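**Q** What shape does this take:
(one chain, ligands or ions: 2)
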Amino acid sequence: MSEARLIIVDDEPVVLQLLAAVFRGEEGLQVVRCADGASALAAIEEGVDVLLTDKNLPDVGGLELARRAKERQPDSEVIIITGYASLDTALAAMELDVFDYIVKPPKDILDVKRKVKQALDKQAMSRENKRLMSDLTQRNLELERALTELKEVQAELIQSEKLAGIGTLAAGIAHEISSPLFGVMGLAEAILDEEERELVRGYASEIVEYARSIKDIVVQLSGYSRAAESEYHTTIDLPKVVEDAVKLVVRSTSFDPARVRLEVEDPGGGLYVNARTSEIQQVFVNLVKNAIEAVVDRYGPGGGCVTVRVGATPAPRAAVFAEVADDGAGIPADRLAVIFDPFYTTKPPGRGTGLGLNIVYRILTKYRGQITVESTEGEGTTFHVRFPIEPDPVTSGD
Ligand SMILES: Nc1ncnc2c1ncn2[C@@H]1O[C@H](COP(=O)(O)OP(=O)(O)OP(=O)(O)O)[C@@H](O)[C@H]1O
Ligand SMILES: [Mg+2]
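**A** Numbers count the residues shown, from 1 in each chain. Ligands and ions are numbered 1, 2, ... in the order given. Okay, the predicted model is just below:
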């Protein structure tokens, strides 16, 4: 800390000397003596921490010096030395925020020292307070800035989350539309090569089916989705939908159809599910497609098999179930927990989006269905799907 500057002003040389002597050897204190008001003014201009001044000076009065000191350095402290403490002096001093008085001649010279010391202490404290205050203001500013930044980052995050959501949605739509589109393309190509009129008619009506399921997806996206939902939501015959799904997938791959087995075990009462046909088909398209891909992954195009079973749990009937089993590559145990996550895929870019099982999961949850998986790496995988049991079919013909 720099030295405190004490200016002592008195026109009586003896008093001035006496006062200055009190502070001789005082550390951290620079003492400036002035014998008149004019030299005191000059000294004040160079800085003042404490002004100890006689009130009555021949040229410039002590109170005037006090005023100038406060002007020059607002936190300076002033101690007035006066021959008598008149009311006038007291009031004027108060107005100038004078720290203290000393009545002349000082009874105890050490009392002067004590008062200067107190003035310095008060000043140091108020300077410290000021410093703390400005520190605090600075910190507050920094905090405010940090808060603003945080809010901006948060807004950005929310925005990118939304974008990610839109991305997921778009990728999901692309995925859903791609399977029926695949069917349409396969059948259209088949028609090109087909001479027999009856077969062409059959293909064409299948094309109409696929085109409808694409329309379903589009309708679902449009504002009409609510109305459309009840329109298409109906009791469906599960084995029929599963069979269609298997056909669709097999047709879109070069996999030998003989290697895909479909087993239906109806204990009586029918195997009905209350849902949208296109969505349930979507579930099995994805499961069978994955199964075939896993088998091809293990054996190449030539070997392996996929078994699809549809049935109901025995009386009391609690659920309609379906299983898609393959003897393909299998799933490592530590990956089982993530296969339903969106974008989890082990397939090369362009061959898999990692959305298939996520869509399956979302559709099944919507219909209060369940899906579980059992898999042994290098041996095969079975997906178990369960739907809550439905009463007798009411309508069909979705
Ligand atoms: N039957 C299965 N056998 C072995 N692994 C499977 C099987 N089904 C799913 N998987 C694993 O789970 C991952 C996720 O499957 P999911 O169907 O969600 O996406 P994908 O098949 O990779 O891509 P997409 O279905 O979008 O084309 C697959 O990449 C694969 O590693
Ligand atoms: Mg898949």
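
**Q** Please count neighbours and contacts with C-alpha atoms only from this point.
**A** Fine.

**Q** Next one: the residue in the stretch 51-200 of the chain that ligand 2 sits nearest to, what pLDDT does it get?
**A** Ligand 2 sits closest to H175 of the stretch 51-200 of the chain, with a gap of 9.6 Å, by C-alpha to the ion. If you check H175, the pLDDT there is 76.

**Q** if I look at it, how far off is L91?
**A** Distance, H175 to L91, by C-alpha to C-alpha, to the nearest Å: 90 Å.

**Q** the more surrounded of these two?
**A** Between H175 and L91, counted using other C-alpha atoms under 10 Å, H175 has the larger neighbour count: 20 against 12.

**Q** quick one: contacts for the more buried one?
**A** By C-alpha atoms under 8 Å, 6 or more residues apart in numbering, the contact list for H175 reads T353, L355, G356.

**Q** I236: what secondary structure?
**A** Here I236 is strand, with the state taken from DSSP: H, G, I helix; E, B strand; the rest coil.

**Q** Strands of the stretch 1-150 of the chain, start to end?
**A** Taking DSSP state E, counting those that start in this stretch as the criterion, the stretch 1-150 of the chain contains strands spanning 4-9, 29-34, 50-54, 77-82, 100-103.

**Q** Parallel or antiparallel, list what pairs with the fourth one.
**A** Which is strand 77-82. Sheet pairing of strand 77-82 (DSSP bridges) gives strand 50-54 (parallel), strand 100-103 (parallel).

**Q** Between strand 4-9 and that strand, find me the angle.
**A** Orientation of strand 77-82 against strand 4-9 (axes from the mean of the first three to the mean of the last three C-alpha atoms, to 10 degrees) gives an angle of 20 degrees.

**Q** Show me how far strand 77-82 is from its chain's centre.
**A** Distance of strand 77-82 from its chain centroid, counting by C-alpha atoms, centre = their mean, to the nearest Å, is 62 Å.

**Q** go on, the second one?
**A** Distance of strand 29-34 from its chain centroid, counting by C-alpha atoms, centre = their mean, is 62 Å.

**Q** Near ligand 1, which residues of the chain? Just list them.
**A** Residues of the chain lying close to ligand 1 by C-alpha under 6 Å from any ligand atom are 290-291, 294, 329-331, 339-340, 344-347, 352-358, 381.

**Q** now those residues: which count as buried?
**A** Among the residues of the chain next to ligand 1, those classed as buried by 16 or more other C-alpha atoms under 10 Å are 290-291, 294, 329-331, 339-340, 344-345, 353-358, 381.

**Q** out of the contacts of H175, who's nearest ligand 2?
**A** Of all these, ligand 2 sits closest to G356, with 4.3 Å by C-alpha to the ion.
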